[in-house]
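A.B. asks: fold the stuff below for me.
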Amino acid sequence: MTHTPARPAPEPGLLLRLSGPLQSWGERSHFNERDTARFPTRSGIIGMLAAALGRRRGEPVDDLARLSLTVRTDRPGILLRDLHTVGGGLPAKATVTTAEGKKRPGTTGTLLTHRTYLADAAFTIALTSTPDDRPLLDQAAQALNTPCWPLFLGRRSCPPEGPLLLGASEDALHHLVHLPLAAHPGRGQQDTEFLADRPLNRLPYGTATPVGADGTHPSGEVNDQPLSFDPRRRSYRARPLYRRSLRLPTEQYAGLGTEHVQALGAYLRQHLNQPEGSHR
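C.D. replies: Down below sits the predicted model:
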C-alpha cells in the first residue's frame, strides 16, 4: 500500500519574479572583492522590501525579517567577473581616502576592484508568513507596486526587467512550484532547484517528480539574515540553507522574454484571479 504524505497547510505569501541582465547577491563581499551568491539572499530581498517601503538604513527591519523566503531557480545564469578601477586619473586630493583618513600618493591612487555578477539568471521567489502577518504582506505588495526608492537585484547597477511582483496568494508555495518557468525545455531530463530558509519537505510538489533528498535537513549555512542595515553597525547572522530538486513537467517550460511573460499572465489570470501586480 502506497502512503501519500499529507499536504502541508497553505501559507499566504507574495510571488516575485527576479530577472534581469545582471544580478549580484553579495554573500561575503568586503573591500575590493564583491562576490555574489548563486541565488537571491535573504539580506538582498529584505533590503529590496525596505527600499520599496522607504525605510532608511538605520530603521529596524525585524518585521520584514520574519518573512520566510523560498527560491525557485528558473535559470541559474553564469558567473561574470568584472574589473573596476576607482580613483584613477584624479588629482591627489580627489582620490580614495585611506582608513587613516589620508590620500593615496602617486601610483597607488588607483584602486582595482573585482565585482561578480550572475548574468542571464532568473528566479521566482515566494515570501511567506503566518496569517497574523498578512497586513505586512499587503503593505509590502503595495510598496513593491509603487516603490519609494528604485529597486535592484542585489546591487544598484542591476535593475529588474519585466514584472517584479506577480501577485499575492493564500497558497504561495503551491504557485511557486506551478508557475511557468523562465527557461526552454532542454534535451533530456532537467531538475529545478529550490532553496529556502526552512525545511523543504513541506513543498507541495503536486505532479512534479522529487529528485534526491527531500530537503528535511539543511545543506549548510548562509550568513545573510539581516540584523541591521545601519552603515555604522551593519550586521547579519547565519541561518540554515535547505535545498531540494524537483523534475517539473515539460509543459511548464515557457521559454524566454515575451513568451514567458505571456505565459505568466495567462497563469495569473487563471489561477490568482488578478492581473500582473507590478508595473515594473
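A.B. asks: which residue is nearest the middle of the protein?
C.D. replies: Relative to the mean C-alpha position of the chain, the nearest C-alpha, by Cα atoms, centre = their mean, is the one of Pro40, at 3.2 Å.
A.B. asks: residues in contact with that residue?
C.D. replies: For Pro40, the contact set (Cβ atoms under 8 Å, 6 or more residues apart in numbering) comprises 18, 23, 25, 69, 71, 123, 125, 153-154. For every residue, glycine as well, the C-beta is placed using N, CA and C.
A.B. asks: how does it look with 6 Å?
C.D. replies: Listed by Cβ atoms under 6 Å, 6 or more residues apart in numbering, the contact partners of Pro40 are 18, 25, 71, 123.
A.B. asks: any idea of the pLDDT on the second one?
C.D. replies: As summarised for this prediction, Trp25 has a pLDDT of 96.
A.B. asks: hmm, it is touching Ala37, no?
C.D. replies: Yes: A contact is recorded between Trp25 and Ala37 when judged using Cβ atoms under 6 Å, the distance being 4.6 Å.
A.B. asks: quick one, which of these two is more surrounded?
C.D. replies: For Trp25 versus Ala37, the count of surrounding residues by other Cβ atoms under 10 Å is larger for Trp25: 26 against 21.
A.B. asks: for Val222, see how far away the more buried one is.
C.D. replies: In this structure, Trp25 and Val222 are separated by 10 Å, where distance is defined by Cβ to Cβ, to the nearest Å.
A.B. asks: what's the helix or strand where His175 lies packed up against?
C.D. replies: Under DSSP states H and E, the secondary-structure element containing His175 is helix 172-178. Helix 172-178 makes packing contacts with strand 13-19, strand 122-128 when contacts are defined by 3 or more Cβ pairs under 6 Å, 6 or more residues apart in numbering; DSSP states H and E.
A.B. asks: now do stretch 192-202: distance from first to last residue.
C.D. replies: For stretch 192-202, the separation between the terminal residues is 16 Å (Cα to Cα, to the nearest Å).
A.B. asks: check which helix or strand Glu221 maps to.
C.D. replies: Using DSSP H and E, Glu221 maps to strand 220-228.
A.B. asks: quick one, the helix or strand that comes right after that strand and strand 220-228 angle?
C.D. replies: Later in the chain than strand 220-228, the nearest helix or strand by DSSP H and E is strand 235-247. Computed by axes from the mean of the first three to the mean of the last three Cα atoms, to 10 degrees, the angle separating strand 235-247 from strand 220-228 equals 140 degrees.
A.B. asks: can you list the strands that strand 235-247 pairs with?
C.D. replies: For strand 235-247, the pairing partners within the sheet under DSSP bridges are strand 192-196 (antiparallel), strand 209-211 (antiparallel), strand 220-228 (antiparallel).
A.B. asks: kindly reformat those strands as CSV containing mean neighbour count and mean pLDDT.
C.D. replies: Conversion of the strands paired with strand 235-247 to CSV gives the following (neighbours: other Cβ atoms under 10 Å; pLDDT from 0 to 100):
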stretch, mean neighbour count, mean pLDDT
strand 192-196, 22, 97
strand 209-211, 14, 94
strand 220-228, 17, 94
